[in-house]
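K.L.:
let's see this in three dimensions:
(chains A and B)
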Amino acid sequence: MSRYNAGEVEAKWQARWTELQSFASQADPSRPKYYVLEMFPYPSGRIHMGHVRNYTLGDVIARYKRAQGFNVLHPMGWDAFGLPAENAARDSRVHPARWTYDNIAAMRQELKSMGLSLDWRRELATCHPGYYAQQQRLFLDFLAADLAYRKESWVNWDPVDQTVLANEQVIEGRGWRSGAPVEKRQLAQWFFRITAYAPDLLAALDKLDRWPERVRLMQANWIGRSEGAQFKFRLQGRDDAIEVFSTRPDTLFGASFLALSPEHALARELAAKNRDLAAFVAETRQSGTSAVALETAEKKGIDTGLRAIHPFDPARSVPVYVANFVLMEYGTGAIFGCPGHDQRDLDFARKYGLPVIPVVLPPEREAKSFAIGAEAYTDEIGRAINSGFLDGLEVADAKRAAIAKLEALGQGRGTVTWRLRDWGVSRQRYWGCPIPVIHCAACGIVPVPAKDLPVSLPEDVAFDRPGSPLDHHPTWKHVACPRCAKPARRDTDTLDTFVDSSWYFARFCSPRADVPAERAQVDYWLPVDQYIGGIEHAILHLLYSRFFTRAMRKTGHAALDEPFAGLFTQGMVLHESYRSAEGKWLYPEEVKKDESGGAIEIASGKPVTIGRREVMSKSKKNVVAPSAIIAAYGADTARWFMLSDSPPERDLEWTEAGAQGAWRFVQRLWRLVDEPSPERPVAAKGAARPDAAGGARDPLREIHKAIAQVTESIESFRFNVAVAKIYALANAVEQFAGVDPAAASARRFGLETLTVLIGPMMPHLAEEMWRRLGHESLLVDQPWPKADPDLARDDLAMIAVQVMGRLRATIAMPRDSAEDAVKAAALAEDNVKRYIESKPIRKVIVVPNRVVNVVL
RNA sequence: GCCCCAAUGGCGGAAUGGUAGACGCGGCAGACUCAAAAUCUGUUGGUGGAGACACCGUGCUGGUUCAAGUCCGGCUUGGGGCACCA
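P.N.:
Okay, here's the model as predicted:
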């Protein structure tokens, strides 16, 4: 008995596939195409289990579609720009490029050991000038098409490090390195006009029928279309007015204050003359720019002393506050507060002693007794009260009436606002794509001429002093203006790394072209038929890619509507965490488990605290290196474990026991083909297929059932179910009885089917089994089997018989028996009779081949 | 704080509104072995019962239905995202 040597076998077949270019893809309009793409990795240095899961899922699809005859494109690349390379440069004095390319080399080797069916000839890295040159071209085209523009915007500023901080670098309001309190600062930055496509980005979600519903919902909420009204409050004693936006104009009679964003022009103007206000505005600048920081901060405001006149009742006026929770980016930067029907407004009103007037009466309540307590009434159901001409109207009608009145008064109009903001893409960093524009004192913003692209990153940069490396480089930014030839200066910002990943799927179609995308190639390959990645990208990355697709269409680089026709979001890989008696985190290999479920630290023998399972992270040391698993068990075992047990969209816990279980199954499959015995003969290669009439009805049913179920499960991304059905087929094949030619033939058909079905999941083992079964051809070139529905069908149906919904008997009937026959058989069961007794039967429900329910 | 999702045996999970627990892991019993590992066979939701069988059971709670893990309402707990991490 030969033990299956995964290491040797896997290396052999990987070499063979490479040698034969089995996975090289080429556009071929005569064949149906299928583009499978997994989210490309950031080159952090080593692959982690999340990558193994992601790329295994994609590889199953790629190999399966290939077996079905599709011309498959399955590429891989590197999301290679980003902050960690600069941090490494600062901490370890290694150049970002060196660090990145070393990491890529290491990770490429690890990915190759997984046996993925990738077309490596198309590999790309976003930090390569060949890639970012084309990105600069796109940027300039977007600029010309008015899809890119400059405006002032706020950033987190670290006053000690003299640098802009990412939100994740702001810890409790302080810079992560300097510890200095972060300030908000305004900088001129580049923006992409994603809001121009807001209506289309929202409407087109309906057509993405192969996207998870929850991702579409999250995107819709993010885009955030709101219907409402925009209107003016005139100010007492001043000529100007405050423009507000509200989705609830029907509650206008309940207004008890106005609130301005601290960044509102009027707030700034007033702050210049009002010390308290100036202090308050300065205080709000201490908090970070993130939504969490804003919304979890205590809601505070300051009375400006101004009063605003109610649009519907000139005799009424309300105080004007400046409040820290009003966003300048949304609506008009000013709101009216209606405490009765908005919880935040209510909290604010209670805090500052402002009146609370209920103006919507919930159904079944009395106007006289209805009052607002600790909770605002925010449901949009009920009738207007205390609201003058709106009284008695339902909320929807009251909204319409209020807007009509505002329009008649010339005070405002009905309008639609979007939560989505334009995409700020400027980053004050080195390791990113340089923004290809030149700032000239005389000519303004001048695009870098096409002949001068790419604008390359200088290599000699210093990371040991505060500020942006590109900005303080001695020569890089100094250039002659392309228009007037006078001294000018390059833009020293680089592009957000989300820009890099917003079009890489298109670049894979023609990765070396000297245009961003070759039309013939993208027209053939795009859209991506199946995109696979983490749910954490549900909003930003996917939305930005959808924007890029539209922007590339407008600038003539592609003609498609949506980049990803199918999307699958996988769950994360979790592991238990371990803490030593001293409270230090321990790696799984430093811990030994005992039978009782406890664990000890191997080095000290002391007991270990087992923490809950959570996302694998270096800081908690609850990580298992894929390279170690592949070295110990082989890639097929790792792949199989990733696919079995947990549904791919759910989180998966990596366990040693599970990995060993997968390894045992690999060995078991190998023994099935490697150990023929006289009691279990296998027909020779090419022998006639088993025949239903020739006594092979049962084996044939098992095999065809398995083909149908595995195919269906893969199609619907339920790989764990496919795995279960493969186990079932392996169990069935082992049980095939008999030594006659019919049995031998059934056994061969069963083993060959099993081999083809595991092909996408455990490709090396499958290839080796195929060879062991006597085939010269490669398994990767075998077509996917087709199930015969007649052969897969059961002859008997097991029908549950219920009395009043409770199971009382089970009867076996020929499939598709007449309803009357089923009913009669059900009522004849002793146990059924027992429960019916002498009670009259009201109704008998018969679900064909499934259930009979007797209703008394 | 806001948006989105999830919860089923000891564990991972299966289940077009129709027999809850497929398949795997683990456990228990047995076979093989000098012994162990590996492998094979049987068994395994809980309670009661010799058994037939009965009752209970899909996070909590209320509802719709002949029938609810599945649909609807209200909660609890855990997770993802929140615009400069990728």
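K.L.:
so where's chain A uncertain?
P.N.:
Judged by pLDDT under 70, chain A has its weakly predicted residues at A:1-2, A:594-598, A:676.
K.L.:
pretty sure A:Met813 sits in a strand.
P.N.:
Yes. Looking at A:Met813 with DSSP: H, G, I helix; E, B strand; the rest coil, it is inside a strand.
K.L.:
tally of neighbours for it?
P.N.:
Per other Cβ atoms under 10 Å, the neighbour tally for A:Met813 reads 18. The C-beta positions use only the backbone N, C-alpha and C, and glycine is treated the same way.
K.L.:
ok, what's across the strand from it?
P.N.:
Beta-bridge partners recorded for A:Met813 (DSSP bridges): A:Ala797.
K.L.:
so it sits against A:Lys823, correct?
P.N.:
No. Taking Cβ atoms under 8 Å as the definition, A:Met813 is not a contact partner of A:Lys823, at 10.6 Å.
K.L.:
which neighbours do these two share?
P.N.:
With contacts taken as Cβ atoms under 8 Å, 6 or more residues apart in numbering, A:Met813 and A:Lys823 have no neighbour in common.
K.L.:
tell me which residue in the stretch 551-700 of chain A sits closest to RNA strand B.
P.N.:
Proximity of the stretch 551-700 of chain A to RNA strand B (Cβ to the nearest atom of the strand) peaks at A:Gly661, 3.0 Å away.
K.L.:
who touches that residue in this structure?
P.N.:
Taking Cβ under 8 Å, 6+ apart as the test, what A:Gly661 contacts is A:Phe641.
K.L.:
can you give me phi and psi for it?
P.N.:
phi -60, psi -40 (degrees, to the nearest 10).
K.L.:
look up phi and psi at A:Arg806.
P.N.:
Per degrees, to the nearest 10, the backbone of A:Arg806 is at phi -110, psi 140.
K.L.:
enumerate every residue touching it.
P.N.:
Applying Cβ under 8 Å, 6+ apart to A:Arg806 gives the contacts A:Tyr835.
K.L.:
so it versus A:Tyr835, what's the distance?
P.N.:
Between A:Arg806 and A:Tyr835 the computed distance is 8 Å (Cβ to Cβ, to the nearest Å).
K.L.:
cool, A:Tyr64 as well?
P.N.:
Taking Cβ to Cβ, one finds A:Tyr64 at 48 Å from A:Tyr835.
K.L.:
near RNA strand B, which residues of the stretch 501-650 of chain A are found?
P.N.:
Counting by Cβ under 7 Å from any atom of the strand, the stretch 501-650 of chain A comes close to RNA strand B at A:501, A:535-541, A:572, A:595, A:614-615, A:644-647, A:650.
K.L.:
again, only using 6 Å
P.N.:
A:535-537, A:539-540, A:615, A:645-647, A:650 (Cβ under 6 Å from any atom of the strand).
K.L.:
among these, name the buried ones.
P.N.:
A:535, A:537, A:540, A:645-646 (16 or more other Cβ atoms under 10 Å).
K.L.:
what's the farthest-apart pair in the residues you listed?
P.N.:
A:Leu540 and A:Asp645 (30.6 Å; Cβ to Cβ).
K.L.:
the residue of the stretch 301-450 of chain A found nearest RNA strand B - how many residues pack around it?
P.N.:
Residue nearest to RNA strand B within the stretch 301-450 of chain A: A:Arg421 (3.8 Å; Cβ to the nearest atom of the strand). Other residues lying near A:Arg421 total 15 when counted by other Cβ under 10 Å.
K.L.:
over to A:Pro607?
P.N.:
13.
K.L.:
same deal with A:Glu582?
P.N.:
9.
K.L.:
confirm that it sits in a helix.
P.N.:
No. The assignment for A:Glu582, made by three-state DSSP, is coil rather than a helix.
K.L.:
okay, A:Tyr64 and A:Tyr835: which has more neighbours?
P.N.:
More crowded of A:Tyr64 and A:Tyr835, by other Cβ under 10 Å: A:Tyr64, with 23 against 17.
K.L.:
tell me which element that one falls in.
P.N.:
helix A:49-67 (DSSP states H and E).
K.L.:
does that helix reach RNA strand B?
P.N.:
No. Interface with RNA strand B: helix A:49-67 contributes nothing (Cβ under 6 Å from any atom of the strand), its closest point being 10.5 Å away.
K.L.:
quick check: next helix or strand after that helix?
P.N.:
Downstream of helix A:49-67 (by DSSP H and E), the next one is strand A:71-73.
K.L.:
next up, the contacts around the residue lying closest to A:Pro699 once chain neighbours are set aside.
P.N.:
In space, and not counting its chain neighbours, A:Pro699 is closest to A:Ala746: 3.8 Å by Cβ to Cβ, 6 or more residues apart in numbering. By Cβ under 8 Å, 6+ apart, A:Ala746 lies in contact with A:690, A:696, A:699-700, A:703, A:736.
K.L.:
export the residues you listed to CSV and append columns for neighbour count.
P.N.:
Listed next are those as CSV, based on neighbours: other Cβ atoms under 10 Å:
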residue, neighbour count
A:Pro690, 24
A:Ala696, 24
A:Pro699, 24
A:Leu700, 21
A:Ile703, 29
A:Phe736, 22
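K.L.:
okay if I get those as a markdown table plus distance to RNA strand B and secondary structure?
P.N.:
Shown next, in a markdown table, are the contacts of A:Ala746 (distance: Cβ to the nearest atom of the strand, whole Å; DSSP: H, G, I helix; E, B strand; the rest coil):
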| residue | distance to RNA strand B | secondary structure |
| --- | --- | --- |
| A:Pro690 | 22 | coil |
| A:Ala696 | 21 | helix |
| A:Pro699 | 16 | helix |
| A:Leu700 | 19 | helix |
| A:Ile703 | 16 | helix |
| A:Phe736 | 12 | coil |
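K.L.:
can you pick out the most distant pair from the residues you listed?
P.N.:
A:Leu700 and A:Phe736 (10.6 Å).
K.L.:
what sits against A:Ala683?
P.N.:
Contacts of A:Ala683 by Cβ under 8 Å, 6+ apart are A:741, A:744-745, A:747-748.
K.L.:
hmm, back to that, quick one: the residue of the stretch 551-700 of chain A closest to RNA strand B from A:Val624, how far?
P.N.:
Taking Cβ to Cβ, one finds A:Gly661 at 15 Å from A:Val624.
K.L.:
stretch A:561-568: end-to-end distance?
P.N.:
19 Å (Cα to Cα, to the nearest Å).
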